[in-house]
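**Student:** Give the three-dimensional model of this entry:
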Amino acid sequence: MVTSSRYLEVPRRLRAFIRAHETSLVVLALLIGATGGLVVASMSVAVEGFHVVLFDLEWGDRLSSQFRIEPLRALLVPSLGGLVLGVAFLLLARWRPAREIDPIEANALHGGRMSFRGSVIVALQTVWSSGVGASVGLEAGYTQLASGLAASLGRAFHLRRADQRVMVGCGAAAAIAGAFGAPLAGSFYAFELVIGGYTPASLTPVGVAAVAGYVVAHALAPLSLGVAVGPIGDVVGRDLALAGLLGILAALTGIAIMRGVALCEALLAKTGIWPPLRSAFGGLAVGLLALATPQVMSSGHGALHFAGFVSIPLTVLATMFALKAIASILSLGSGFRGGLFFATLFLGALGGHLFAGALDTLWPGLKLGGNVYAIIGMSALSASVIGGPLTMSFIALESTGNLWLTTAVLVAVMISTQITRELFGYSFATWRFHLRGETIRSAADIGWIRDLTVRSLMRPDLTTASASMPLEEFRSKFPLGSKTQVVAVDAEGRYAGIALVAEAHAPDLQAVNGLIDILHFQHVVLHPTMNIQEAIAIFDAAEAESLAVVEAGGERRPIGVLSEAHAVRRYAEESEQRRREAVGEA
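**Tutor:** Below is the predicted model:
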């Protein structure tokens with residue numbers, strides 16, 4: 001088939017068949033899920049290969065589970081790896097100056113469109129970062145590549161915007177399900193974080209993709225993915241109350257970690273150091289921390305064995321917790337690629353054991369279960385940093401199979417999430433968007449809002465009059481009933497305000513200086529590039545029914561008029577259309 005598109009396209013008949021049959025999306029989801037599982041397995045094997053070669057490990061050993069790492073390798077590998085990554089970033093910026101977008105941003109702003117080439121680049125950078133020992137997780141790379149592949153497949157089939165967004169969610173669901181051995185958690189990760197909501201139409205494809213990702217990733221043995229759990233004791237009523245307290249502490253810790261990454265980035269940027277040297281510095285710092293405890297390196301999969309925590313002294317656990325948090329902040333703040341998903345699971349597990357151990361020290365009769373609070377802590381801290389309280393609850397459920405423990409986890413994650421939203425307002429992903437000047441707080445589709453601009457909504461056929469026109473002349477030119485309002489301009493044609501025709505004809509009106517004396521909204525205008533939400537906010541603040549649209553810049557020449565009623569009606573129409581598409585009614 002001949003096509004002018006630079007993207008891969010399937011034949012038109014097959015595209016039409018897929019678009020016409022909702023069940024066919026399930027087949028695509030199955031393919032995406034299997035591909036996502038393969039992505040997880042391949043990236044995990046690649047990182048393990050780097051660890052074997054660069055740190056002289058045996059195949060099957062985990063870097064973060066080592067008792068000791070050769071000091072020279074601990075210092076040189078992450079620092080030189082950071083230098084290489086930094087140089088690669090500079091070279092890449094010349095070739096691809098545009099910033100790569102992740103699945104959340106793609107679904108929020110771009111209708112589920114992602115760059116496949118960019119996703120591959122991000123995945124390779126993540127594999128390299130974790131492979132050289134930086135304290136970052138692979139989950140960001142898993143979801144980036146799996147969702148990028150899903151987006152490319154959806155684009156090849158010319159899927160509708162709502163279906164395209166679901167396909168991106170299917171890729172993320174498969175990746176998380178494969179990484180953690182938790183199909184339910186993968187599904188809810190997609191709903192909560194990537195799609196931005198649950199609909200019956202999206203349930204089957206996302207669920208199928210998650211299960212397929214899990215099956216494929218874990219069929220490729222011997223891969224030790226997921227969360228290893230030791231024996232879990234009984235969960236009683238007091239544990240629910242203590243879980244709430246642990247949720248508060250987890251929220252405060254999560255906020256501190258997120259702000260720490262941003263602060264580290266800002267401080268390194270202010271130094272003016274050559275960017276590759278910043279990542280080299282971050283790698284060297286992680287290497288120095290690894291001399292004290294190798295558990296700070298890489299994502300922490302190998303270190304996360306709850307049964308082994310019980311015999312570790314509290315002072316060692318506290319040291320490990322502090323150094324791992326610092327290593328994660330330095331790694332991400334200095335420019336390594338990756339995420340905080342598994343790092344926060346590991347930190348939360350450490351924190352939960354510390355919490356239980358500290359309370360047992362203060363009140364010896366409590367005899368709290370360390371593994372119980374490790375599960376609660378890991379879920380609560382991850383919920384604070386990553387978001388997705390149900391995702392974290394299902395990871396706990398699928399890892400332990402204990403419903404009572406999951407109840408305590410749910411208490412902790414609800415409190416942790418609420419406090420984080422109240423005091424901070426962002427997850428780690430949306431916080432990074434905020435630092436770039438974006439207003440994204442979830443993956444809810446707001447891209448159409450940005451497309452619905454004032455320029456596309458305004459009426460260009462505006463009526464103008466001179467602001468210095470005498471009132472009698474204005475009344476003669478615009479009798480009652482001819483217009484409701486007129487845009488006034490000065491001698492140079494710049495916007496001066498809005499004159500209400502009915503008000504100008506009031507019998508007791510005095511306007512010594514002419515029309516300028518009765519002008520409204522002289523300093524309140526709309527610009528053509530504003531989106532509909534920004535325009536409605538200005539209408540509300542000004543208590544205006546209609547406003548002039550003026551050119552951006554210093555000229556302030558009026559180019560149109562927009563009424564609040566029209567803006568609100570178009571917003572409602574578009575919102576309803578998106579809702580119907582999301583639930584499969586359109």
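
**Student:** contacting residues for the residue lying closest to K324 once chain neighbours are set aside?
**Tutor:** Nearest residue to K324 in three dimensions, chain neighbours excluded: V296, at 4.9 Å (CB to CB, 6 or more residues apart in numbering). Backbone N, C-alpha and C define where each C-beta goes, glycine included. By CB atoms under 8 Å, 6 or more residues apart in numbering, V296 lies in contact with 64, 135, 286, 289-290, 320, 323-324, 326-327.

**Student:** Check G287 too.
**Tutor:** Taking CB under 8 Å, 6+ apart, we find G287 in contact with 74-79, 133.

**Student:** Check which residues of the helix or strand in which it is found are buried.
**Tutor:** Assigned by DSSP states H and E, G287 belongs to helix 275-292. Going by neighbour count (16 or more other CB atoms under 10 Å), the buried part of helix 275-292 is 275-290.

**Student:** and the spatially closest residue to L8 that is not a sequence neighbour, how many neighbours?
**Tutor:** Among residues not flanking L8 along the chain, A156 sits closest, at 4.8 Å (CB to CB, 6+ apart). The tally of other residues near A156 (other CB atoms under 10 Å) stands at 17.

**Student:** A156 and P11 touch, don't they?
**Tutor:** No. Between A156 and P11 there is no contact under CB atoms under 8 Å: 10.3 Å.

**Student:** what do these two both touch?
**Tutor:** The contact sets of A156 and P11 do not overlap (CB under 8 Å, 6+ apart).

**Student:** quick one on the thing from earlier: looking at the contacts of V296, spot the one nearest H520.
**Tutor:** Ranked by distance to H520 (CB to CB), the contacts of V296 are led by I326 at 57.0 Å.

**Student:** Just want the angle from the helix or strand containing that closest one to helix 275-292.
**Tutor:** In the assignment (DSSP H and E), I326 maps to helix 314-333. Interaxial angle, helix 314-333 versus helix 275-292 (axes from the mean of the first three to the mean of the last three CA atoms, to 10 degrees): 170 degrees.

**Student:** and helix 314-333, what other elements does it pack with?
**Tutor:** Packing contacts for helix 314-333, counted by 3 or more CB pairs under 8 Å, 6 or more residues apart in numbering; DSSP states H and E, involve helix 237-271, helix 275-292, helix 341-362.

**Student:** and these as CSV, adding distance to L203 and mean pLDDT?
**Tutor:** CSV is the format used below for the helices and strands packed on helix 314-333 (distance: least, CB to CB, whole Å; pLDDT from 0 to 100):
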stretch, distance to L203, mean pLDDT
helix 237-271, 28, 92
helix 275-292, 41, 94
helix 341-362, 23, 89
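
**Student:** Mean neighbour count, those: which tops it?
**Tutor:** Mean neighbours per residue, mean count of other CB atoms under 10 Å, is largest over these for helix 341-362, with a mean of 24.

**Student:** other SSEs contacting the helix or strand that it is followed by?
**Tutor:** Remark: after helix 341-362, the chain's next helix or strand is helix 370-386, criterion DSSP H and E. Helices and strands touching helix 370-386, by 3+ CB pairs under 8 Å, 6+ apart, are helix 237-271, helix 306-309, helix 341-362, helix 389-400, helix 403-423, helix 428-435.

**Student:** could the ones you listed go into JSON lines alongside distance to A177?
**Tutor:** Output for the helices and strands packed on helix 370-386, formatted as JSON lines (distance: least, CB to CB, whole Å):
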{"stretch": "helix 237-271", "distance to A177": "24"}
{"stretch": "helix 306-309", "distance to A177": "21"}
{"stretch": "helix 341-362", "distance to A177": "13"}
{"stretch": "helix 389-400", "distance to A177": "9"}
{"stretch": "helix 403-423", "distance to A177": "18"}
{"stretch": "helix 428-435", "distance to A177": "19"}
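
**Student:** In contact with S563, which residues?
**Tutor:** Applying CB under 8 Å, 6+ apart, the residues contacting S563 are 545-546.
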